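Enquirer: Sequence and predicted structure are below.
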Amino acid sequence: MADFLPHFIHQHHYLAIFLLMWIETILPIFPSELVMPLSGLIASQGEMSLVGVALSGAAGSMTGAITWYWAARALGYGRFKRLVTRYGRITTVSVHEVEWLERWFARLGPALVLAGRVIPAVRTAISIPAGLVRMPFGRFLILSAIGCLISSGLLAWLGSLLGDHYRQIEHYAGPVSTGIVAAAFLLWLTRLILQLVRPRQD
């Protein structure tokens, strides 16, 4: 990754940033905590503008966010709840948890969407409950855009200031991002095992 990312961004500039940030919303193999600071560093060398870098990164994140929102909205809260009832032991999500999330999202949905855009691993997932509860698309779009611009802009700006110290950030950011994803997977696996060994209550 250390060699691929700089080469890809040098070759394709804003398109590369857009694609990398969009891919992150599907598979977190290129964490934004690496992509955006590196892009900001390259911008500081005169190849791109910092504003263009931030906008490209935000556009990539927004493309993924909108896709997840409409997929969840098409599924619908009622259908999702029925799927959880049927396959809850595999997903490790209970109907009670779905109802709890729905209540909290009804109260704090805008704040959750805005804050979620700047938190690793959450920034993609937050689009799903927003779609399930049918948050007005205009509101979702505005809040997501603000959050994505803040996140992408801040990371790109920090990268432009890092200079040669980027390698130090890369050394730690990669494992941290991987650790967050791994922790989420381990949490799911633990819940799955507990679901399977626990007697089912009808």
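Expert: Noted; the coordinates are in hand.

Enquirer: Relative to residue 106, how far out is the closest residue in space to residue 128 that isn't next to it in sequence?
Expert: Nearest non-adjacent residue to residue 128, counting by C-beta to C-beta, 6 or more residues apart in numbering: residue 72, 4.5 Å away. (Glycine included, C-beta is placed from N, CA and C.) From residue 72 across to residue 106, the span is 15 Å (C-beta to C-beta, to the nearest Å).

Enquirer: Please identify the helix or strand for residue 150.
Expert: In the assignment (DSSP states H and E), residue 150 maps to helix 137-162.

Enquirer: So residue 145 sits against residue 58, correct?
Expert: Yes: distance between residue 145 and residue 58: 6.9 Å, which falls inside the contact criterion (C-beta atoms under 8 Å).

Enquirer: pLDDT-wise, which helix or strand of this protein ranks last?
Expert: Lowest on mean pLDDT, DSSP states H and E among the helices and strands of the chain sits helix 166-197, with a mean of 56.

Enquirer: what angle do the helix or strand hosting the residue nearest to residue 128 and helix 137-162 make?
Expert: Remark: residue 72 resides in helix 50-75, with elements defined by DSSP H and E. Between helix 50-75 and helix 137-162, the angle comes out at 150 degrees (axes from the mean of the first three to the mean of the last three C-alpha atoms, to 10 degrees).

Enquirer: And the average pLDDT for helix 50-75 is what?
Expert: The predicted model assigns helix 50-75 a mean pLDDT of 92.

Enquirer: Kindly report the same for stretch 104-111.
Expert: Averaging pLDDT along stretch 104-111 gives 77.

Enquirer: which parts of it are buried?
Expert: 105, 109-110 (16 or more other C-beta atoms under 10 Å).

Enquirer: Then stretch 10-21?
Expert: 13-14, 16-21.

Enquirer: and if you look at stretch 110-117?
Expert: Those would be 110, 112-114, 116-117, for stretch 110-117 by 16+ other C-beta under 10 Å.

Enquirer: what does stretch 143-152 give?
Expert: With burial defined by 16+ other C-beta under 10 Å, the residues of stretch 143-152 counted as buried are 143-145, 147-149, 151-152.

Enquirer: quick one: which of these is nearest residue 33?
Expert: Distance to residue 33, by C-beta to C-beta, is smallest for residue 151 among the buried residues of stretch 143-152, at 9.6 Å.

Enquirer: Report the secondary structure state of the nearest residue to the closest one once chain neighbours are set aside.
Expert: Leaving aside its sequence neighbours, residue 151 sits nearest to residue 118 (C-beta to C-beta, 6+ apart; 4.4 Å). What DSSP: H, G, I helix; E, B strand; the rest coil gives for residue 118 is coil.
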